[in-house]
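Undergrad: Pasting the sequence and the predicted coordinates here, then a few questions.
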Amino acid sequence: QRFFSSTKPRIYVTRVLPDQAMKILDQYFEYDVFRGNSAIPQDTLIKNVKDCVGLLCLLTDPINETVISHPNFSKIKMVANYAVGYENVNVAKLSELKIPVTNTPGCLTEATADIAMSLILATHQRFLQHDQALRSNQNGTILNFQKDTQDLNLDPLCNKTLGIVGLGRIGQALAIRARGFGMKILAYTRTPRPKISQRIGVEELTKMDDLLQYSDFVSLNCPCTEQTKHLIGMEQLKMMKESAILINTARGKIVVEDDLIYALKKRIIKAAGLDVFYNEPKINPELSKLQNTVLLPHIGSATTRARAGMGILAAQSLVDYLVHKKWPKNFVN
Ligand code: DGY
């Protein structure tokens with residue numbers, strides 16, 4: 001029987017959160033926190049969740065059948081995921097047990113859109129190659145025009161088309177940034193948003209194939225669900241222009257990574273800018289060997305403001321439900 005007690009509820013937290021969030025936890029909960037430098041091992045999580053009514057966890061913590069069906073999990077009444085994505089949590093199973101799951105929408109929109117725009121600029125302008133060349137080139141900044149200019153990107157972004165897959169908060173924030181650079185914006189989205197699209201200057205397409213064919217940059221900004229897992233494989237990569245660049249700040253599993261690596265090697269597409277990977281936190285070594293990639297260590301939400309906002313929201317959701325017995329606003333089930 002899951003029940004509320006009158007003492008401070010006991011919860012487990014799988015990572016030290018920003019101060020503002022820890023203060024909320026201090027005030028309302030009895031809690032332990034995992035202080036390791038990497039993701040908490042599953043057996044440690046299972047051991048520590050015993051007698052807890054709430055769990056505050058991260059994307060790197062699979063809250064799967066093994067965890068959920070363990071006797072130590074039996075008192076859990078709520079799971080707060082410190083991320084907007086929640087594919088690490090078996091939400092269906094928790095719903096069956098009537099355990100609410102919350103995420104942290106809204107806090108990282110601008111931060112992630114900044115990273116997507118930065119990857120567009122970095123891949124287009126080939127910043128990394130220029131930086132490396134300049135550091136190793138004794139001749140300084142003067143280009144060998146005969147040799148080098150043909151290899152440069154001479155077309156400015158205002159002549160380019162960006163195709164956004166997923167026009168939620170982050171997709172919209174990216175569109176606004178890219179419009180600032182004069183880009184033409186196409187979008188393919190599960191939920192048509194004609195009014196918003198018109199306001200921010202986005203042309204919504206009804207077929208993803210069209211977006212792939214017409215875009216110079218394809219940016220993935222959708223969640224990873226059963227429908228979007230492996231959305232981009234060889235067939236889709238072949239539809240893209242040879243000069244096209246794929247940007248992924250959403251989730252690694254939306255792309256068949258081996259197909260992407262092949263396409264980059266064979267120049268089926270030109271380049272990729274990636275902040276997320278298939279087997280995070282590991283990265284496929286083949287990707288790091290390629291010159292036509294810009295790779296970031298999943299920093300889409302890594303601003304102080306975003307992380308603090310996420311922490312406060314996750315902690316507050318636990319307070320709402322476990323202390324004030326109110327249904328949290330940002331539940332996902
Ligand atoms: C999220 O919140 O889903 C982000 O990817 C975490 O950085």
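TA: Nice, thanks for sending it over.
Undergrad: CA atoms for contacts and neighbours, from now on please.
TA: OK.
Undergrad: Residue ranges in this structure under the pLDDT threshold?
TA: Scanning the chain with the threshold set as pLDDT under 70 gives 1-6, 138-139, 142-153.
Undergrad: Would you mind listing what in it touches the ligand?
TA: 83, 84, 85, 300, 301 (C-alpha under 6 Å from any ligand atom).
Undergrad: quick one, what contacts residue 101?
TA: By C-alpha atoms under 8 Å, 6 or more residues apart in numbering, the contact list for residue 101 reads 78, 79, 80, 81, 91, 94, 331, 332, 333.
Undergrad: Chain neighbours aside, what residue packs nearest to it?
TA: Nearest non-adjacent residue to residue 101, counting by C-alpha to C-alpha, 6 or more residues apart in numbering: residue 79, 4.8 Å away.
Undergrad: now the one you found, which residues is it bridged with?
TA: On the basis of DSSP bridges, residue 79 is bridged to residue 55, residue 101.
Undergrad: how about the helices in the stretch 1-150 of the chain?
TA: Assigned helices in the stretch 1-150 of the chain, in chain order: 19-28, 42-48, 65-68, 91-96, 109-125, 127-136, 145-148 (criterion: DSSP state H, counting those that start in this stretch).
Undergrad: Including mean neighbour count, could these go into TSV?
TA: Compiled in TSV, these are given as follows (neighbours: other C-alpha atoms under 10 Å):
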stretch	mean neighbour count
helix 19-28	15
helix 42-48	16
helix 65-68	16
helix 91-96	15
helix 109-125	21
helix 127-136	13
helix 145-148	9
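Undergrad: Nearest to residue 191, out of these?
TA: Residue 191 sits nearest to helix 109-125 of all the helices of the stretch 1-150 of the chain, at 18.1 Å, using C-alpha to C-alpha.
Undergrad: residues in contact with the closest one?
TA: Under the criterion C-alpha under 8 Å, 6+ apart, residues 128, 152-153, 169-171, 173-174, 177-178, 217, 219, 245, 247-249, 271-274, 292-294, 299-303, 306 lie in contact with helix 109-125.
Undergrad: Okay, domains of this protein per the record?
TA: 10-107+304-323, 109-295 (automatic domain parsing).
Undergrad: okay, how far is it across the longest one, tip to tip?
TA: Distance between the boundary residues of domain 109-295 (C-alpha to C-alpha, to the nearest Å) amounts to 20 Å.
Undergrad: And the first one, by the same measure?
TA: End-to-end distance for domain 10-107+304-323: 11 Å, by C-alpha to C-alpha.
Undergrad: Off-centre distance for it?
TA: Offset of domain 10-107+304-323 from its chain centre (C-alpha atoms, centre = their mean, to the nearest Å): 18 Å.
Undergrad: cool, stretch 197-205 as well?
TA: On C-alpha atoms, centre = their mean, the centre of stretch 197-205 falls 23 Å from the chain's centre.
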